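Enquirer: The following comprises the amino acid sequence and a computationally predicted model.
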Amino acid sequence: MSKARDTLPHYEYEPFNNAALELCLVQVRYPVLPRFAEAGYLSNIQEALSEEYPLFGSEQSMNIVVTPQGVSQAASGQIIRFNDIERRWSVVLANDAVSLETRHYSNIQEFSTRFTEVLRLVATHLKPRLQLRFGLRYVNEFRHKQGDRYEKWRQLLNPDLLGVGGRNVLGGTVEQTVGEVRTNRTDGTFLLRHGFLDGTTVVPLGPKTPQSGPFYLLDLDYYLDTPLTFEPKQAERMRAYNDYIYRVFRWVIGDGELYRQLKGKP
């Protein structure tokens, strides 16, 4: 069976001074490390990571779940989080995965360079043999002064994204929407989650108060579930996934009012 042709437009990269990116995450999963909780097992990688990410501690990881009932959180295990001194970047180490997170995304070059170094340290000190999953994810939460009304989002976003709600087929007042599209591509799986929600899907770090109020979620997740030999050099795949994610993002926001808000002043 042949796959549908990619018809997304191509866009030139440009900076967004008021970007709505709440979280950027890249992760590699590997088979469970049975010695992870053993005393002293992590001392070498902790020392190596602390050169760039000196603030670290153990915490409970939380999975954010978006369902027709809204946004919920579920505990998923113990992790060690390493933060840089400005708390702009976090390395999250678990017994079956390593992630790099930021809430202050700059560009794909810095993102991929940092993650390559993190994977090099994991390969050196933990020595996982296999990579079970690689994923790159960007979580956008669009907020607008008139964004408490779903009707406004029908004007701000590409109408092809909104489906039934966007065409006002059902009538009445739309209070919440949740949508998901998953596509099997030649180099992985692309998952687009979106919806008109309230609150936030991203837990802030430190003492910051979570955002509140209505927003429109655009959660873009590109991943590969094929088991491979563990390989620290992931920059090429990161850039390829990032290129496609950016095209989807630009298609969603269009060139109108939301685009201008996100661009901000130069």
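Expert: Received it, and whenever you're ready, just let me know what you need.
Enquirer: From now on I want contacts and neighbour counts done on CA atoms only, so please keep to that.
Expert: OK.
Enquirer: Need phi/psi at the closest residue to residue 256 other than its chain neighbours.
Expert: If the residues on either side of it in the chain are set aside, residue 256 comes closest to residue 156, at 7.0 Å by Cα to Cα, 6 or more residues apart in numbering. In terms of degrees, to the nearest 10, the main-chain angles of residue 156 are phi -80, psi -30.
Enquirer: Residue 156 reaches residue 252, doesn't it?
Expert: No - Residue 156 is beyond contact range of residue 252, at 9.1 Å (criterion: Cα atoms under 8 Å).
Enquirer: Which stretches in this protein count as helices?
Expert: Assigned by DSSP state H, the helices in the chain fall at 43-49, 108-125, 150-156, 159-167, 235-253, 257-263.
Enquirer: mind checking how far the first one is from the chain centre?
Expert: Helix 43-49 sits 26 Å away from the centroid of its parent chain (Cα atoms, centre = their mean, to the nearest Å).
Enquirer: What's the separation between residue 229 and residue 134?
Expert: Distance from residue 229 to residue 134, counting by Cα to Cα, to the nearest Å: 12 Å.
Enquirer: my bad, residue 148
Expert: Relative to residue 134, residue 148 is positioned 36 Å away (Cα to Cα).
Enquirer: more crowded one of these two?
Expert: Per other Cα atoms under 10 Å, whichever of residue 148 and residue 134 has more neighbours is residue 134, with 23 against 18.
Enquirer: got a list of what that one touches?
Expert: Contacts for residue 134 were tallied using Cα atoms under 8 Å, 6 or more residues apart in numbering; they are 26, 27, 28, 29, 223, 224, 225.
Enquirer: Report the beta-bridge partners for it.
Expert: residue 28, residue 224 (DSSP bridges).
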